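Enquirer: Predicted model, plus sequence, below.
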Amino acid sequence: MHAFTHPPLLRRTLLGLAVATALGASQAPAGEVEVLHWWTSGGEARAANVLKELMEAEGHGWQDFAVAGGGGETAMTVLKSRAMSGNPPSAAQIKGPEIQEWGELGLLGNLDDVAEQGGWNALLPETVADVMRHDGQYVAVPVNVHRVNWLWANPAVLEAAGVEMPTSLDELFAAGEAIREAGYVPLAHGGQAWQDATVFESVLLATGGVDFYRQALVELDPEALGGDEMVEALTTFKRLRELMDDDMSGRDWNIATSMVIEGDAAMQLMGDWAKGEFTAAGLTAGEDYLCAAAPGTGEAFTYNIDSLAMFRVTDEAEHEAQQTLARLVLEPTFQEAFNLAKGSIPARPDLDMGAFDQCAQQSLADFQRTAEAGGLVPSMAHGMAVRADVQGAIFDVVTNYFNARDMEAEEAARRMVNTAQAAL
Amino acid sequence: MTHSTSVARPARAAARRSSAGHLQAWLPRLVLAPSVAVSLFFVYGFMLWTFILSLTNSRMLPSYDLVGFAQYARLMTNDRWWVASTNLVVFGALFVGICLVVGALLAILLDQRIRQEGALRTLYLYPMALSFIVTGVVWKWLLNPGLGIQAMVRSWGFEGFTFDWLVNPDMAVYTLVIAAVWQASGFVMALFLAGLRGIDDSIIKAAQLDGASLPRIYWRVVLPCLRPVVFSAVMILSHIAIKSFDLVVALTGGGPGYASDLPATFMYAHAFTRAQIGLGSASAMLMLGGVLAILIPYLYSELRSRQHG
């Protein structure tokens, strides 16, 4: 199939085979990996290119299969159609519980050999390693760790309003009032379901704590979903509307970030990919913009881990290339280059963070601290905690409640229980 | 072949004639066969496949574990589905109705032998040349309270002016109507204008001789003559309404919340991004059912009356 569509590859493979035969097959044949991903924005694309160059330096081919579209919805649709036609790419950007779904379909290959050679078990935090394994076998390799519960702020606006960076929800509401009086939008937000959910999970983490977060949004415990703590989280979440502007409906997250950059708004609750926008605007962390854990969630870390899952392949050369890809992804060169561009932190905590900015360094410190103290939780809004259908159902309830003018928090909590049960 | 032809020449000539005749008879079928086969497979085959999928518990990829009508039952308890269906009824009725009225009025006004008719006609028709994505984005800016019409009127000094339908969950669906009518009414106008030009002047002259006023002529004589045009316009507009997807995505994104969701966006979200192919297929089948429920009676009555007429 590939051979026909890509004559140079055929030639290269044949050449490789010929050489290999001549040398008594002492050398691994050069293969090619096709990688489906949605790292298409400027910095991300450059970062992905690093991986391509590393692969080529090892003598393997890299066929880029980038499908644009934030959040990867389009890419997933393409991946499904490819998988259904029995022709999946060698590797694809799949994350969280979806790795398990693909694993259950029996489509993923085994990376245990690479993992053993690379000592992944010792290298990766247990929480991360768990996500990468299906049935006890490594099937995916982590690329980075994003922290979702961040608060970003424009220090000039905070100063103009005479407030400090809030560390609790009470402080946030108090600061919000002062900022509003000073004539700014306290909290920049985009009214899209996933952004609503991103803010909601940070609020829930602050009001209910780590254990409650796990019960409600990871284990989908009906008592937690319908209980008083949920009602409190929902009520507080809706109160945040007071801090937002009226025109937020449908706004993209990066537009909201640029409101903070421009000084129209003071703060934004968003994952650390927002840093890419600040960096692109030429701002320096700690000076031109501030970062802190979302108010009230200093002891927790909601993670969103990007990973590359490897599909089962029959071609020996492609298999070899796939294993090389998995090894290279975790090597320091790529981890550093990629994460510097992406705003996230490396998936292996043993790297020298000297080149990273203040926010990334704090992120890594918090990651290690919370991993030990038990504050590390998967992000529901970013598909790390529950399956896509349950996640969608929770999104519906959250966004509907947040936007409805006359819906009680109790009613939203009741719907949350219903949808979670219907989805199970 | 060569042996037989050398023996019986007249028979060969006859055979050639008849094979030419056969070819003549079969050619249209041969030419049409590929497109018929393709549409049989890709339209009706996939309809059937979607129906089968709607009876399964397919999630991320299609599976064939039949679960009966469970997906339809789930759909009936899904709050978002009801919002989407209600929106479609509201949007569809208003869109088709307003487009017909505006289109007919524009056509009648343009038909008054005015100057620069060609230029005006082109102006009205232009929105149709845009894709719904462009229309959606433009209206998204116009209707955004902080950027568009509301901000403009307020800057003129009318501080109390509010036009926040886009961010108001109860009104968001009407913004879809505004944008869609703006886009499609020019097209309806073109249809009506063509119809008006096709009406025999002598009928109108006869009505004038009988002393009918101009509005009365239009209402009682011209519009009834345009019935086939109305028929075509309703067909085209209602299928635009039912398949509306891009406009919602560009204009409101289904929001605020999911207040302006339509069945097409519901279906896409569930089948493709939420790994619920079964539920998505069930909603697609209900959409098809809705289309048929409207179209079949209408087609039936229109075509039958035309046969009799």
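Expert: On my side now, so go ahead.

Enquirer: Could you tell me which residues of chain A lie near chain B?
Expert: A:73, A:76-77, A:80, A:83-84, A:98, A:101-102, A:105, A:191-193, A:245-250, A:387-389, A:391-392, A:396, A:399-405, A:415, A:422 (C-beta under 8 Å from any C-beta of the partner chain). (Glycine included, C-beta is placed from N, CA and C.)

Enquirer: Is residue B:272 in contact with residue A:77, as I believe?
Expert: Yes - counting by C-beta atoms under 8 Å, residue A:77 is a contact partner of residue B:272 at 4.9 Å.

Enquirer: Let me see the contact set for residue A:64.
Expert: A:35, A:48, A:52 (C-beta atoms under 8 Å, 6 or more residues apart in numbering or on different chains).

Enquirer: ok, back up a step: mark which of the residues of chain A next to chain B are buried, thanks.
Expert: Neighbour counting by 16 or more other C-beta atoms under 10 Å in any protein chain shown classes A:73, A:76-77, A:80, A:83, A:98, A:101-102, A:191-193, A:245, A:247-250, A:387-389, A:391-392, A:396, A:399-404, A:415 among the residues of chain A next to chain B as buried.

Enquirer: domains in chain A, as residue ranges please.
Expert: Residue ranges for the domains of chain A, per automatic domain parsing: A:31-145+A:305-346, A:150-303+A:361-423.

Enquirer: Including mean pLDDT and distance to residue B:250, could those domains go into TSV?
Expert: As requested, the domains of chain A are arranged in TSV below (pLDDT from 0 to 100; distance: least, C-beta to C-beta, whole Å):
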stretch	mean pLDDT	distance to residue B:250
domain A:31-145+A:305-346	88	14
domain A:150-303+A:361-423	91	10
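
Enquirer: For residue A:229, what are phi and psi?
Expert: Main-chain dihedrals, residue A:229, degrees, to the nearest 10: phi -60, psi -40.

Enquirer: The spatially most central residue of chain A: what secondary structure?
Expert: Nearest to the geometric centre of chain A sits residue A:304, at 3.5 Å (C-alpha atoms, centre = their mean). Here residue A:304 is recorded as strand under DSSP: H, G, I helix; E, B strand; the rest coil.

Enquirer: Helices of the stretch 51-200 of chain B, start to end?
Expert: For the stretch 51-200 of chain B, the helices defined by DSSP state H, counting those that start in this stretch cover B:70-76, B:79-110, B:117-125, B:132-143, B:149-155, B:172-197.

Enquirer: Could you list the buried residues of the fifth one?
Expert: By 16+ other C-beta under 10 Å, the buried positions in helix B:149-155 come out as B:149, B:150.

Enquirer: what does the fourth one give?
Expert: Residues of helix B:132-143 classed as buried: B:132, B:135, B:136, B:138, B:139, B:140, B:142, B:143 (neighbour count, 16+ other C-beta under 10 Å).

Enquirer: Turn the residues you listed into JSON lines, including pLDDT.
Expert: Listed next are those as JSON lines, based on pLDDT from 0 to 100:
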{"residue": "B:132", "pLDDT": "89"}
{"residue": "B:135", "pLDDT": "92"}
{"residue": "B:136", "pLDDT": "91"}
{"residue": "B:138", "pLDDT": "92"}
{"residue": "B:139", "pLDDT": "92"}
{"residue": "B:140", "pLDDT": "90"}
{"residue": "B:142", "pLDDT": "91"}
{"residue": "B:143", "pLDDT": "90"}
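
Enquirer: Now do the contacts for residue 262.
Expert: All of this is about chain A. Contacts of residue A:262 by C-beta under 8 Å, 6+ apart: none found.

Enquirer: Let me rephrase: I mean chain B.
Expert: Each residue near residue B:262 by C-beta under 8 Å, 6+ apart is listed here: B:84, B:87, B:88, B:91, B:176, B:244, B:245, B:248.

Enquirer: which stretch among the helices of the stretch 51-200 of chain B comes nearest chain A?
Expert: Shortest distance between chain A and the helices of the stretch 51-200 of chain B, using C-beta to the nearest C-beta, is found for helix B:79-110: 5.3 Å.

Enquirer: That closest one and chain A in contact?
Expert: Yes - shown here: helix B:79-110 in contact with chain A (C-beta under 8 Å from any C-beta) through B:79, B:80.

Enquirer: out of the contacts of residue A:64, which one sits closest to residue B:105?
Expert: residue A:48 (55.3 Å; C-beta to C-beta).

Enquirer: I'd like the distance between the closest one and residue A:118.
Expert: Using C-beta to C-beta, to the nearest Å, residue A:48 is found at 21 Å from residue A:118.

Enquirer: Could you do residue B:62 as well?
Expert: 37 Å.

Enquirer: On the three-state scheme, residue A:268 is what?
Expert: strand.

Enquirer: Any idea how many residues pack against the closest residue to residue A:168 other than its chain neighbours?
Expert: Nearest residue to residue A:168, sequence neighbours excluded (C-beta to C-beta, 6 or more residues apart in numbering or on different chains): residue A:296, at 4.9 Å. Look at residue A:296: counted by other C-beta atoms under 10 Å in any protein chain shown, it has 22 neighbours.

Enquirer: ditto for the one 3 residues further on
Expert: Using other C-beta under 10 Å, the number of residues around residue A:299 comes to 15.

Enquirer: and the stretch 201-309 of chain B, which residues reach chain A?
Expert: B:252-253, B:255-259, B:269-270, B:272-276.
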